[in-house]
Structure formats: structure tokens, C-alpha cells
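**Student:** give me a 3D structure for the following:
(one chain, ligands or ions: 1)
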Amino acid sequence: MLDRAVIDALFPADLPEPAYWEQQYPERSLPEGAQVTRFGPSPTGFVHIGGIYVATIDRSIAHATGGSYLVRVEDTDQSREVEGALDQFDRAFDYFDLRPDEGGEQGDYGPYRQSERERIYLTYARELLRQGKAYLCFATPEELADIRHRQEAAKLPTGYYGGWAIWRDRDAAEVRAKLDEGAPYVVRFRSEGRVDAKVSFTDAIRGRLEHEDNRNDVVIVKSSANAVRLPTYHFAHAVDDHLMRVSLVIRGEEWISSVPTHLQLFAALGFEVPTYAHIAPLMKQIPGGKRKLSKRKDPEAGVDFYIEQGYPAEAVLYYLRGLANGRLAETPLPEALAAPIRLDECGVAGPLVDLVKLDDISADHIATLTGEQILTAVRAWATRYDPDLVPVLDARREQALAALAVERDGVENPRKDLRKWSDFRRAYGFFFAELFQPVAADDEQLGGLDPRLVRAFAADFADRYQVLDDAQEWFGQIRALAAEHGFAPNAKEYKKNPDAYPGSIREASQVIRVALTGSTRSPDLFSVAGALGAEEVLRRVRAVAGAQS
Ligand code: GLU
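**Tutor:** Next up, the predicted model:
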């Protein structure tokens, strides 16, 4: 084993002892049962919706138990780091109201960024080296590749363990010689794990699990050739979750196989093991089965998809909570958002993300909002994703509210024509002269009616148009005019004798509908005309008639 003096010389002379950090980050005084949870995003430039899912669970449990929810930026893999990735997280956390209790500049257990915790990790790495529980490894990439090839050829488990761990039991003199040469090294953990041994542990979601033990001498501090000596995920997890006094580690199920390694590290460091809860991943239905939502293949895997499309955060959170605990999907939205998520109700199989379902939830939710609330949300969304819409909404606020009021205000079943804020243009854009494209008499949406007839019909409608307060009377104008222009009074008559008419009252009304809304489907025409105002109604109908507006 290396002399303590040789070990210590590898580290800054003023590096604190473990006791110092223990004192800096004392145990928390929290009520019985309070859980401290953490979310550990890596700034790789992509925020997965699964991250928001896990963070939602973290926050819910911490808050329900009177604990704390912290966010720790896991940026020890600096090769993967992407400029602006942290802003992206902030944006996502703001949007989904998942701001942590501790993180960034806030909280007593920081820094909450692993790249700023180098000295802490080094203290514990030095400690393990001093105790002989870790060692320096100078194996080159070529040597590691060679070990791997030989293991594969011999059909042995691959890894750096037992006799394959060529630096595990080297003489101190050899290690010193390498150090004198200035050769780069990593720090490896000296695992006590045996080949073929099993360990069992309890997972808060899955119950008792048994797994093959770790036998690998995993790297705990990356190459000394780097400017900053950073820990690996495994080591940082043990040190950080201990010193941040995290009691409950909620993370993706891909980490289950690492638990044996983590148990060994916690034991070697003398730390109490937190409770683990491994969450099943969000899945996607594909023909013949399901697979994990994929960052590469599925736009809906990225949190930006939901933000850019303008799904209301409440609807997405409600949906995610329902995926975590089926009970919450059956609970009305306001209560479900406030109700705690329970780990023992989280499934072991990954839940399916179904955008059709989310659309429904979102449309239902938006239908409960007032026009004012919708307008505020649409405007906030548009400032970033549809800037041209903002001045229109600002200049035509009354028009926007009148448009949103159609079949919404004061009705029992409000329209469900908005699933996300980006739907606003499609559903309501026609209410605004600035956004409306006038329609011509030969528009294909008019179902092939003779353009001359369309023009004449529209011209007459405009010439005789009366603003009437009663819906039936208002429609009476169309009815009378349709009869004059030879349309059948109803669909039945028309069907009986299709050659005798250009269409029925239905086709005649469609002329006015398409003229006013640019679409064959729209809210109630009478209400639309009311919201547009007579002047705009005439301008649009005259455009179809071919007249200058
Ligand atoms: N940074 C890790 C990840 O992105 C966090 C895993 C954990 O929560 O421990 O997967």
C-alpha cells in the first residue's frame, strides 16, 4: 500500500478532512418521516419529459412529507455538456412550476453543481486511498481494450476485477515510479464483490430485489490528466447524496443494476444508504408492442415539444401524475395536482405516453378556463413562439375576448377547440381581420358550387344584410336568400331531386360560413357574425362576391 505521504502529495495541501464537510453539511432537522429528494439533470442540451416526470414525483413527495426537494446539476461529463442547457432546464422548471427548494444559489447544502464540488470529492477519494479502499490505476486505453478482448475470447464477464485488475495489487514502488514519470492515472475503488455473488436490497417501488453483486473496481475519480479532477457518477452520487442529506433517491430504472456498486461505495465511505426508488420509464406504443420514449425518434420525448406547442403546464402535469399513480388520473384536475404522489402506487411497468389522451385532457382543462385566462396564456406562449400574434392580440383585445366568448361564456358545455396554445391561430385566427385571408367564389371548400351563383348569392346577402339579435331571425336571412337562389329548403328535398337544385340550405349556409371563417367548420355562425361585427361581415362576404372591400 502507498504511504500516506505519497497519497497526500497527490492532493492540494489545504484539502479539508471529511469531518470538515460533515460539519459544513450537518444532518437536517426535519420532522419525522420528512423526505429529502433530489433531481440530478445532466446538461446535455435535451430535457426529456421523463425528467419532468421524475422531478414531479421528487417534489410531490418532498413537499407532502415536509422535506426538501433539491436540484443538483450533474455536469461531471463535460464532454457531453452543451451551451445553454441550464437555461433550458430553468425554462422547463419554470414552465412546469418545478422550481426546487434548493438549487443554484439557494440552499445550505450547495454548491448544487457537481463541477463546483471538486474539493469535496477529492477529500473522500483521498480518504479511501489512505484506507486502502481505493487505488491508483495507470492502465492505458490499449491495455483496457486488450483485457476486454481476452475476457470476451475466454467468454468471461468483462470488466476490471480480480486478477484482471492489473493495478489493484501493484507494489508501492511501481506506483511511485509511474507517478514520478508523470503518467496519468484514475482512482479506482477496491471492490470486495465476488464473481457470482448476489446482493439483495429493497426498492420503495419494487420491493425486495436481488441482483448480481458488483465485482468491478469502478473508477471513482477520472483521469488526473484533466484540468479538473472530476468524480464518476457512482462516486458523486454517494458523496453528494450523503452530504446533501438526501433520504430518498428517486431515479430511472436503468440505475438498478448499479445499486450493488453504490451499496459498496456507501459502506466503504461509512455513509448510511438512502432509500432507493427506481421509476419505470415512459413508453410509447408502437405496432406490436411498446418501447421507451426515444430522444432520437419521438418529438414528444423532449420537454420543448410541450412548451413549444403550448400545452398548458397543468394539463401535462395532471397527465404525468396520472401515469405515476393511476388513482390520480381518475381524480379531478385541481385535486389531483394537489394530491401527493405515492411511491407504492407507482407501477413497475413503464406507462404509455399517449398524446391523444393528453390532447383530450388538455382540451377539457382549457374548456374550464375563462376567455381572459386563455388570452393571457396564449399571449405568454406567443411572445416566444408566435411573436406576430402578440401585436394583434394586444391591439384587438376586445375582439379576442369576444371571439373566445363564442360558445364558451355562460354555456354548459364550452367549446373544446383548443388543446394547446398553438391551436389558437387555427381556431380563432379568422376572427381577426389582420390574420384572415379573404375567400374567393371558387374556393374549393365551397364544394364545387358554381362560382357565378356563389358570387350572386354573396352579393345579395351583403346588400340586404341586417344585424339581428335573434339567432333564428338572423338565419332567416340566409334561408330566404337561399330559396330565392334556387337552393332546396332542406337536405331531404335536395336528395330527392338533386338535379333540380344547386344544393340545399346547408350548402347555402356554407357559403356564408366559409366567407366569414375561411373554413367549413366553425363555431355557431350567428355568434361568429356578432363577434366580427357587421362591417367585417360585409367586407368578407363582399370579397366572395368579387367586390372590392
Ligand atoms: N445525472 C443522472 C442522469 O441524468 C441522474 C441519475 C440520478 O438521479 O441519480 O441520469
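**Student:** tell me the contacts of whichever residue of the stretch 101-250 of the chain sits closest to the ligand?
**Tutor:** Across the stretch 101-250 of the chain, no residue is closer to the ligand than His237, which sits at 5.5 Å (CB to the nearest ligand atom). Heads up, the C-betas are built off the backbone N, CA and C, glycines and all. Residues near His237 by CB atoms under 8 Å, 6 or more residues apart in numbering: 40, 249, 262, 265.
**Student:** what's the burial count for Pro502?
**Tutor:** Pro502: 19 surrounding residues under other CB atoms under 10 Å.
**Student:** shouldn't it be in contact with Ala482?
**Tutor:** No. The criterion here is CB atoms under 8 Å, and Pro502 misses it with Ala482 at 9.6 Å.
**Student:** just the closest of the contacts of His237 to the ligand, please.
**Tutor:** Gly40 (3.6 Å).
**Student:** in terms of pLDDT, where does that closest one sit?
**Tutor:** Gly40 carries a pLDDT score of 95 in this model.
**Student:** how close does it get to Thr56?
**Tutor:** Distance, Gly40 to Thr56, using CB to CB, to the nearest Å: 15 Å.
**Student:** got it, and His211?
**Tutor:** Distance of His211 to Thr56, computed by CB to CB: 27 Å.
**Student:** so between these two, which is more surrounded?
**Tutor:** Neighbours per residue (other CB under 10 Å) separate His211 from Thr56, with Thr56 holding more: 22 against 15.
**Student:** before we move on, back to that, sec struct for the residue of the stretch 101-250 of the chain closest to the ligand, please.
**Tutor:** Secondary structure, DSSP: H, G, I helix; E, B strand; the rest coil: His237 is helix.
**Student:** got the CA coordinates for stretch 237-255 in CSV?
**Tutor:** C-alpha atoms of stretch 237-255 as CSV (Å, rounded to 0.1, in the frame of the first residue of the first chain):
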residue,chain,number,x,y,z
HIS,A,237,-23.9,10.0,-6.2
ALA,A,238,-22.6,8.5,-2.9
VAL,A,239,-20.8,11.7,-1.7
ASP,A,240,-23.4,14.2,-2.8
ASP,A,241,-26.5,12.3,-1.6
HIS,A,242,-24.8,11.7,1.7
LEU,A,243,-23.6,15.3,2.3
MET,A,244,-26.8,16.8,0.9
ARG,A,245,-28.6,14.6,3.4
VAL,A,246,-30.8,13.1,0.7
SER,A,247,-33.0,10.4,2.2
LEU,A,248,-34.8,9.2,-0.9
VAL,A,249,-33.2,8.6,-4.2
ILE,A,250,-35.8,8.5,-7.0
ARG,A,251,-34.2,7.8,-10.4
GLY,A,252,-34.7,5.9,-13.6
GLU,A,253,-34.8,2.1,-13.5
GLU,A,254,-31.6,2.0,-15.7
TRP,A,255,-29.7,2.5,-12.4
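**Student:** how many neighbours does the closest residue to Phe526 other than its chain neighbours have?
**Tutor:** Computed as CB to CB, 6 or more residues apart in numbering, the closest residue to Phe526 that is not its neighbour in sequence is Ala471, at 4.3 Å. Ala471 has 14 neighbours, counted by other CB under 10 Å.
**Student:** likewise Ser362?
**Tutor:** 27.
**Student:** which other helices and strands does the helix or strand harbouring it contact?
**Tutor:** In this structure, Ser362 sits in helix 355-367 according to DSSP states H and E. Contact analysis of helix 355-367 by 3 or more CB pairs under 8 Å, 6 or more residues apart in numbering; DSSP states H and E lists helix 313-324 as its packing neighbours.
**Student:** the helix it packs on vs helix 355-367, what angle?
**Tutor:** Per axes from the mean of the first three to the mean of the last three CA atoms, to 10 degrees, the angle that helix 313-324 makes with helix 355-367 is 130 degrees.
**Student:** which other residues reach helix 313-324?
**Tutor:** By CB under 8 Å, 6+ apart, helix 313-324 touches 49, 52-53, 56-57, 60, 95-97, 282, 306, 328-330, 333, 336-337, 339, 341, 345-346, 351, 353, 357-358, 361-362, 365-366.
**Student:** again with stretch 452-460
**Tutor:** Here stretch 452-460 makes contact (CB under 8 Å, 6+ apart) with 441-442, 446, 481-482, 484-485, 502, 508, 511-512, 515, 541-542, 544-547.
**Student:** the residues you listed, buried ones only, as a ChimeraX selection?
**Tutor:** ChimeraX command restricting these to the buried ones, with burial defined by 16 or more other CB atoms under 10 Å:
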select :441,446,481,482,485,502,508,511,512,515,541,542,544,545
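**Student:** the helix-or-strand element of the chain with minimal mean pLDDT close to the ligand?
**Tutor:** Lowest by mean pLDDT, DSSP states H and E among the helices and strands of the chain is helix 85-95, with a mean of 90. No. On the criterion CB under 6 Å from any ligand atom, helix 85-95 is out of touch with the ligand, staying 11.4 Å away.
**Student:** helices or strands up against that helix?
**Tutor:** Applying 3+ CB pairs under 8 Å, 6+ apart, we find helix 85-95 packed against helix 49-64, helix 303-309.
**Student:** right, and those helices - which one's nearest the ligand?
**Tutor:** Closest among those, once you apply CB to the nearest ligand atom, is helix 49-64, at 7.3 Å.
**Student:** dump the closest one to PDB, restricted to CA.
**Tutor:** Only the C-alpha atoms of helix 49-64 are listed here, as PDB (Å, rounded to 0.1, in the frame of the first residue of the first chain):
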ATOM      1  CA  ILE A  49     -40.200  14.600 -20.500                       C
ATOM      2  CA  GLY A  50     -39.200  11.600 -18.300                       C
ATOM      3  CA  GLY A  51     -37.100  14.100 -16.300                       C
ATOM      4  CA  ILE A  52     -40.100  16.300 -15.600                       C
ATOM      5  CA  TYR A  53     -42.000  13.100 -14.600                       C
ATOM      6  CA  VAL A  54     -39.300  12.200 -12.100                       C
ATOM      7  CA  ALA A  55     -38.900  15.700 -10.800                       C
ATOM      8  CA  THR A  56     -42.700  15.900 -10.300                       C
ATOM      9  CA  ILE A  57     -42.500  12.800  -8.100                       C
ATOM     10  CA  ASP A  58     -39.500  14.200  -6.300                       C
ATOM     11  CA  ARG A  59     -41.200  17.400  -5.500                       C
ATOM     12  CA  SER A  60     -44.500  15.900  -4.600                       C
ATOM     13  CA  ILE A  61     -43.000  13.500  -2.100                       C
ATOM     14  CA  ALA A  62     -40.700  16.100  -0.500                       C
ATOM     15  CA  HIS A  63     -43.500  18.500   0.000                       C
ATOM     16  CA  ALA A  64     -46.100  16.100   1.100                       C
END
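**Student:** the ligand contacts on the stretch 101-250 of the chain?
**Tutor:** Counting by CB under 6 Å from any ligand atom, the positions of the stretch 101-250 of the chain adjacent to the ligand are His237.
**Student:** any weak-confidence spans in the stretch 101-250 of the chain?
**Tutor:** Counting by pLDDT under 70, not a single residue of the stretch 101-250 of the chain qualifies.
**Student:** which stretches in it count as strands?
**Tutor:** 134-137, 186-189, 198-203, 207-212, 219-221, 248-252 (DSSP state E, counting those that start in this stretch).
**Student:** name the residues of the chain found near the ligand, please.
**Tutor:** 40-42, 74, 237, 251.
**Student:** repeat the analysis, applying 8 Å as the threshold.
**Tutor:** Contacts of the chain with the ligand, taken as CB under 8 Å from any ligand atom, map to 38-42, 51, 54, 74, 233, 237, 249-252, 254-255.
**Student:** residue in the stretch 251-400 of the chain nearest to the ligand?
**Tutor:** Arg251 (3.4 Å).
**Student:** that residue contacts Thr275, doesn't it?
**Tutor:** No. Contact criterion CB under 8 Å: Arg251 and Thr275 do not qualify, at 11.6 Å.
**Student:** once you drop chain neighbours, what's closest to Thr37?
**Tutor:** Leaving aside its chain neighbours, Thr37 sits nearest to Asp58 (4.0 Å; criterion: CB to CB, 6+ apart).
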